[in-house]
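# Just to be clear, the model below is a prediction. Sequence and coordinates:
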Amino acid sequence: MLGDPVLTHRFEDGWDIPLLVWRAGSPLRAVSSGPLGGGVGVRHWVVNATVPMSYHRDDPAAHLAELADRLGLDGPGIGLLTGVDVAEVVTRTDTGVRAWVTVGLGTPLWAAAPAQPATPEQGTAPEQGTAPEQGVAPEQGVAPEQGVASGQGTAPEQGGALAQRVGTVNVVVYVPVALGDAALVNAVATATEAKCQAIGELGLPGTGTPTDAVTVLCPPAGRAEPYGGPRSTWGAPLARVVHAAVRDGGAVPCVPWSQRRSC
């Protein structure tokens, strides 16, 4: 079972910065695209930590491991970062499936964008860039909390209005039954489809942000469900909770935590 997260804070760089901590009552199976604990395996905890938009570390996994150690978290876990104030997490429940989503949609883009040649200054692969009409590479507009190295974050000297457009959607979902490996992977796809549906309904020009992350957890024992698609027994409620959380969270203007903190 995975209950609601605890909102806590850590003192870092002169600021008292919020983070959410989920402690599983017993180890859970998980699939995640997060910078710490990504992949498929048994996990004991999840952390979703706010970072300022000036975040510039290029070792997010090591940073998250440090935070976990300071929190006294034991065993393998999952770590996510975001420029969103995690106190604004949106929670939805349907048929025992629960979703917790932090929503920042200030830098939407289409998943398939025209290829752009990398420059020495950018250092990013074409698929990591934004479409030409958006006019900005990932490193110029988003914080690395969304699962990428800090070279793609917003450096303090870049500043400007664009640097304050927070863009991250971190999705954490708990399904109350065991899922097979294929179902776990399918559940990630289902959550992503539901996120894209919500973004479309919000009228935003994109399928997500450059660095969204998805985590799905379930019990490790029991008869493993073979399917996680949007019309499967457990994929259907998963899609509904993610869709509702992204839609409702995205309908509210999102101010980056660090901008709010400095006001």
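Sure thing, it's come through.
# measure Arg29 to Pro60 for me?
Relative to Pro60, Arg29 is positioned 23 Å away (CB to CB, to the nearest Å). Every residue, glycine included, has its C-beta placed from N, CA and C.
# Neighbour count: the two, which is higher?
Under the neighbour definition other CB atoms under 10 Å, Arg29 and Pro60 were set side by side, and Pro60 has more, 25 against 21.
# right, and the more buried one touches Leu81 too?
Yes. With contact defined as CB atoms under 8 Å, Pro60 counts as touching Leu81 (5.7 Å).
# all strands of this structure, in order?
In order along the chain, the chain carries the following strands (DSSP state E): 6-12, 15-32, 39-50, 78-82, 90-94, 97-105, 167-174, 213-218.
# Can you get me a residue count around Val101?
The number of residues packed near Val101 is 29, by other CB under 10 Å.
# Ok, Met1 next?
Tallying neighbours of Met1 according to other CB under 10 Å, which is how burial is gauged here, yields 10.
# so how far is Asp85 from it?
If you measure Met1 against Asp85 using CB to CB, the figure is 27 Å.
# do Thr95 as well
Plainly put, Thr95 is 29 Å away from Asp85 if you go by CB to CB.
# quick one: which of these two has more around it?
Ranked by neighbour count (other CB under 10 Å), Thr95 and Asp85 place Asp85 first, with 21 against 13.
# okay, which residue is most central for this protein?
With the centre of the chain defined as its mean C-alpha position, the nearest residue by CA atoms, centre = their mean is Asn170, 2.0 Å away.
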